[in-house]
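Q: need a 3D model of the following:
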Amino acid sequence: MILLTASLAVFTVVALLGLTIALDLFRGYPVDRRVVLTHAGLAVFGAALAVGAALLGDKRVYVNIALVVVIVILGFLAASRRYKTGQVQKGLIVGHASMAVICYLILAAVVFGLNLMG
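A: Have a look, this model is predicted:
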């Protein structure tokens, strides 16, 4: 449970960074590449903590690991297209953020012991 709690803590910081990135992008403000790389690096670290919990036998986070794969792909596509074309792909950002929120809520439910399956 320590790994999952640490993962949730890291993802809380990731979410706050992601929110500031998204707000800046939608307002048309420049986003510092270091902030984007910090967001991505912390997300990888948080995911590694969740994978560690899964490898230790916690099956409750398997769905999160699957979601993270899709979230990472969408985030990478959004960032690479923005840096290549200079244009913000709002659909990719909204999809990335929406799935990240769902993944975060599932992880929080697991950490706080909510039984979502009835």
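Q: the host helix or strand of Val94 packs against which elements?
A: Using DSSP states H and E, Val94 maps to helix 90-111. When contacts are defined as 3 or more Cβ pairs under 8 Å, 6 or more residues apart in numbering; DSSP states H and E, helix 90-111 sits against helix 2-27, helix 62-85. In this view, the C-beta of every residue, glycine as well, is placed from N, C-alpha and C.
Q: lowest average pLDDT across those?
A: Per-stretch mean pLDDT for those is lowest at helix 62-85 (a mean of 91).
Q: name the helices or strands packed onto that helix?
A: Counting by 3+ Cβ pairs under 8 Å, 6+ apart, the packing neighbours recorded for helix 62-85 are helix 33-55, helix 90-111.
Q: could you list the alpha-carbon positions for the last one in CSV?
A: Yep, that's helix 90-111 we're talking about. Only the C-alpha atoms of helix 90-111 are listed here, as CSV (Å, rounded to 0.1, in the frame of the first residue of the first chain):
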residue,chain,number,x,y,z
LYS,A,90,-6.8,20.4,-28.2
GLY,A,91,-8.6,17.1,-28.8
LEU,A,92,-5.5,15.2,-27.9
ILE,A,93,-5.0,17.3,-24.8
VAL,A,94,-8.6,16.9,-23.7
GLY,A,95,-8.4,13.1,-24.3
HIS,A,96,-5.1,12.9,-22.4
ALA,A,97,-6.5,14.9,-19.5
SER,A,98,-9.8,13.1,-19.3
MET,A,99,-8.3,9.7,-19.2
ALA,A,100,-5.7,10.9,-16.6
VAL,A,101,-8.5,12.1,-14.4
ILE,A,102,-10.3,8.8,-14.6
CYS,A,103,-7.0,6.9,-13.8
TYR,A,104,-6.3,9.3,-10.9
LEU,A,105,-9.8,8.7,-9.4
ILE,A,106,-9.4,5.0,-9.7
LEU,A,107,-6.0,5.1,-8.0
ALA,A,108,-7.4,7.4,-5.2
ALA,A,109,-10.3,5.0,-4.7
VAL,A,110,-7.9,2.1,-4.3
VAL,A,111,-5.6,4.0,-1.9
